[in-house]
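**Student:** pasting a predicted model and its sequence here:
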Amino acid sequence: MNKEHPIIFSGESVRQILIGNKTQTRRVVKMPKINPYFEVVGLNSHGDEYLMEVRQPHGFLSRLVDPKMRIKPPYFVGQRLWVKETFFDYQWCLDIRYAYRADGRPDIWRYGDKWKSPIYMPRKASRIMLEVVNVGVDRLNDISEEDCYKEGIIKKDCEYPMDQPCRYCRPCPANTIVQFMLHWNKINGKKPGCAWKDNPFVCKIEFKVVNE
């Protein structure tokens, strides 16, 4: 099975994909409802699924093996994903053409500035096809500096001279994990349980661009 599946990216992420900097993305895992007195402390790989390891009220650790409690990532290796992004469709002579906000404002002022949400992008308007090459599940806060680069985060130089002591800026512009945190919260910070401070379980998807 290799059914194509849509996936939404922000404008900045689209730009990083197009120039080859972004080869990884994270999506929050939808967790099954469990006993409110249980604390999920980890996930254990079990084939193509994950079993929740929980801490019970008395401190005992156990795994939930009930099939209804298992977590299966929504993506799999070999799957193709067509990218949905903010766009605009307009008529040019007898053709329907598309403009993309990630490219900057195009010269379409005569037709009106009516950017459409990625949610409404049809398959034929998509210009980027991805193929999943690896899938895993981690805690959001466990991201490494190397993975931040794969997420398309560009390391910034400290704005102060190197011969001066660190001023401990908050947030530090030279810390890639901090930059990823800011990028993540900009997109997911207002969603319940999805902010960086909530440290949710996320599906880590590595991909490559497919030339159709």
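**Tutor:** That came in fine, so what should we check first?
**Student:** poorly predicted segments of the chain, please.
**Tutor:** Scanning the chain for pLDDT under 70 picks out the ranges 1-2, 60, 62-68, 105-113, 156-174, 212.
**Student:** what about the strands in it?
**Tutor:** Here the chain has its strands, by DSSP state E, at 5-8, 24-28, 39-46, 49-55, 61-64, 80-84, 87-92, 95-100, 129-139, 201-210.
**Student:** can you give me the neighbour number for Gly59?
**Tutor:** Neighbourhood size, Gly59 [other Cβ atoms under 10 Å]: 6. Quick note: C-beta positions are derived from backbone N, CA and C, even for glycine.
**Student:** can you give me the distance of it to Val133?
**Tutor:** 40 Å (Cβ to Cβ, to the nearest Å).
**Student:** and for Glu151?
**Tutor:** 15 Å.
**Student:** next: Gly189.
**Tutor:** Distance, Gly189 to Val133, by Cβ to Cβ: 28 Å.
**Student:** name the nearest residue to Pro32, ignoring sequence neighbours.
**Tutor:** Nearest in space to Pro32, with sequence neighbours left out and distances taken as Cβ to Cβ, 6 or more residues apart in numbering, is Met69 at 5.2 Å.
**Student:** relative to Gln16, which of the strands of the chain is closest?
**Tutor:** For those, distance to Gln16 was read as Cβ to Cβ. The smallest value, 10.3 Å, belongs to strand 24-28.
**Student:** on that earlier part again, was I right about the residue nearest to Pro32 contacting Asn35?
**Tutor:** No - judged on Cβ atoms under 8 Å, Met69 makes no contact with Asn35 at a distance of 10.3 Å.
**Student:** more neighbours: those two, which one.
**Tutor:** Neighbour count, other Cβ under 10 Å: between Met69 and Asn35, Met69 has more, with 15 against 10.
**Student:** quick one: residues contacting that one.
**Tutor:** When contacts are counted by Cβ atoms under 8 Å, 6 or more residues apart in numbering, Met69 touches 32, 34, 51-52.
**Student:** give the other helices and strands that the lengthiest helix in the chain contacts.
**Tutor:** Longest helix of the chain, by residue count under DSSP state H: helix 176-188. Judged by 3 or more Cβ pairs under 8 Å, 6 or more residues apart in numbering; DSSP states H and E, the packing partners of helix 176-188 are helix 145-150.
**Student:** mind doing that once more with 10 Å?
**Tutor:** Other helices and strands packing on helix 176-188, by 3 or more Cβ pairs under 10 Å, 6 or more residues apart in numbering; DSSP states H and E, are helix 11-18, strand 24-28, helix 145-150.
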